[in-house]
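Chemist: A predicted structure for the sequence below; I have some questions about it.
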Amino acid sequence: ANELTLAVNSEVVVIPFKIDDIAPGGLVEYYLAGTHWLDAVNPPTLEQIKNLELTVKQNLEAGQEKDAAVQLSVDDKQKIVSRPSLKPEKAPISPSGKKRYLFAMAAVAMVLLFAGAIYILFIQSEVGTADHDSSVPDGRIITVTSAEDSGEGTLRVALNRAIPGDVILFDPIVFPPDNPATIYLKEQLPVLMRGGVTIDASNAGVIIDGTDVPSSDGVWSDGLGISSDNNVVMGLHIVNFLEHSCGISISRGSNNTIGGDRNTGEGPLGQGNLIGNVATGIALQGNKTSNNLVTGNIIGFDQNRDPAWTEIAVHILEGSSYNTVGPDNIIVNSNYCGVSMWGRESNYNTITMNSISMNGWKGIELKLGGNRRLEPPLIKAVDFEKGTVEGTATPGGIVEIFSDRWNQGRTYEGDTIAGNDGNFMVRLGRPLEGPNITATVTDTSGNTSEFSEPFSP
């Protein structure tokens, strides 16, 4: 606090620049308790540094104007004569003003250097959480070489060190594709908060097991948490987390891809992720969570391909919008719902070309106004041998047809577009699997309905 005392005694403007969420104490609290702080705790940090630079410039300009006024008042015995000028003259700076100006410039330089150093350390730290430019095209390859929970070569360290553009791979000798190795977590993994990171286990066998993660009432534990943009997660098996848990949770994150092509890669599911024995398979939550893609995943089985519980396989809530679930997800065995959209602000979420079946309550649920409570289609006629389905739906909407044993959508059969009058007809030219036929509709804004009432012979 010595520098702060010197600055105050020299009448230098002090601009507090907060880079960590720590309450000030001592002389810092005494001098700055009533001062507005510039906040660099919340990312993006680079923008906060630019804001600091602009604030400093504005204060320096204001200081020059004040010094000019002081100089004029001292020389008020002199007459000021207005005269035309093609170029405005700069106001003179008093000696004390020069002193404060130079002191401030030095202070600014130190603050900016300090903030820059903090920022560099921030992005390189194993525990840092700064936001970064996720458009960086090239990055490092970080290979996980240990199935331990912590220490060098582990997934935990890789997640802590990863910055935008990095790709996290898994050594197939340690994680054989035909004999997956298990990482038994002792605590939740670090949240991906920097963006632009790819976790690729598509050519390895990687099981993340949460059996040993401590449970706490009301506190959720995630197999993997994401709070940033442009991340990709492929090929992981996430299993055996306790009651308050998500396999993968995205909060305040956009343009993330969870899964991929299950036929690409040497791993058990290629680029697809497997999630089971967790409360929520994949959660997309918050109004800053949008434009995420969930594709090619299997939710509702464990690592041995035995049925595994979830309460909700894919949960979209709290204003999360413009996400796409599909194609090619297998969503089964949930106690409650396969895909659930909660809340009237959770809209424009598209559910398309998946296999959704054997879920306890509904295959797709629109609750509390989710997806505008779009009405499902009405199936009026089906020819099972010819593969034709007729009915009505939202005009201009994409109608998808499914076969199922009950009232969901185990097998995607095909689609068509409803006419301006809402009528539709699907002609597949082959027999339908059956025994029941259901349908969904996705309107022109991207909202997908629940499954229709099943049509049976």
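Modeler: Received the coordinates, thanks.

Chemist: How about the contacts made by the closest residue to Ala162 other than its chain neighbours?
Modeler: Using C-beta to C-beta, 6 or more residues apart in numbering and skipping the chain neighbours, the partner closest in space to Ala162 is Val197 (4.6 Å). Glycine gets a C-beta too; all of them are placed from N, C-alpha and C. Contacts for Val197 (C-beta atoms under 8 Å, 6 or more residues apart in numbering) come out as Ala162, Ile163, Pro164, Gly165, Asp166, Val167, Ile168, Ser228, Asn231, Val232.

Chemist: what's the answer for Phe241, then?
Modeler: Residues near Phe241 by C-beta under 8 Å, 6+ apart: Gly210, Val213, Ser221, Asp222, Gly223, Gly247, Asn277, Val278, Ala279.

Chemist: Pick the one among those closest to Gly151.
Modeler: Val213 (17.4 Å; C-beta to C-beta).

Chemist: neighbours of that closest one, just the number please.
Modeler: By other C-beta atoms under 10 Å, 21 other residues sit near Val213.

Chemist: now, the most widely separated pair of the contacts of Phe241?
Modeler: With C-beta to C-beta as the measure, no two of the contacts of Phe241 lie farther apart than Asp222 and Asn277, at 13.9 Å.

Chemist: Could you pull up phi and psi at the closest residue in space to Asn447 that isn't next to it in sequence?
Modeler: Excluding the flanking residues, the one nearest Asn447 by C-beta to C-beta, 6+ apart is Asn371, at 4.2 Å. Per-residue torsions, Asn371: phi 50, psi 40 (degrees, to the nearest 10).

Chemist: For Asn371, which residues are in contact?
Modeler: Contacts of Asn371 (C-beta under 8 Å, 6+ apart): Met341, Ser346, Asn347, Tyr348, Asn349, Asn447, Thr448, Ser449.

Chemist: My understanding was that the last one contacts Val441; is that so?
Modeler: What it means is Ser449. Yes: between Ser449 and Val441 a contact is recorded at 5.0 Å, counting by C-beta atoms under 8 Å.

Chemist: which residues are common contacts for these two?
Modeler: Leu374, Glu375, Pro376, Pro377, Thr394.

Chemist: any idea which of these has the most stuff around it?
Modeler: Neighbour counts for those (other C-beta under 10 Å) peak at Pro377, which has 25 neighbours.

Chemist: can I assume that one is in contact with Glu450?
Modeler: No: counting by C-beta under 8 Å, Pro377 stays clear of Glu450, with 10.0 Å between them.

Chemist: tell me which element the closest residue to Glu385 other than its chain neighbours is part of?
Modeler: Nearest residue to Glu385, sequence neighbours excluded (C-beta to C-beta, 6+ apart): Pro431, at 5.4 Å. Assigned by DSSP states H and E, Pro431 belongs to no helix or strand.

Chemist: if we can go back for a sec, list the residues that contact both of Pro377 and Glu450?
Modeler: Counting by C-beta under 8 Å, 6+ apart, the contacts common to Pro377 and Glu450 are Thr440.

Chemist: quick one: the helices in the stretch 151-300 of the chain?
Modeler: 155-161 (DSSP state H, counting those that start in this stretch).

Chemist: Quick check: Asp229 vs His244, distance?
Modeler: Distance from Asp229 to His244, counting by C-beta to C-beta, to the nearest Å: 26 Å.

Chemist: can you check Gly396 too?
Modeler: Distance, Gly396 to His244, by C-beta to C-beta: 41 Å.

Chemist: Which of these two has more residues huddled nearby?
Modeler: Each of Gly396 and His244 has its neighbours counted (other C-beta under 10 Å); His244 has more, 16 against 13.

Chemist: doesn't Pro177 make contact with Asn203?
Modeler: Yes: with contact defined as C-beta under 8 Å, Asn203 reaches Pro177; the gap is 6.5 Å.

Chemist: Which neighbours do those two have in common?
Modeler: Common neighbours of Asn203 and Pro177 (criterion: C-beta under 8 Å, 6+ apart): Glu266, Gly267.

Chemist: tell me, how many neighbours does Asn420 end up with?
Modeler: Neighbourhood size, Asn420 [other C-beta under 10 Å]: 7.

Chemist: Name the nearest residue to it, ignoring sequence neighbours.
Modeler: Nearest non-adjacent residue to Asn420, counting by C-beta to C-beta, 6+ apart: Pro395, 5.2 Å away.

Chemist: Can you report how many residues lie near the one you found?
Modeler: 16.

Chemist: Quickly note the distance from it to Ile437.
Modeler: To Ile437, Pro395 is 21 Å away according to C-beta to C-beta.
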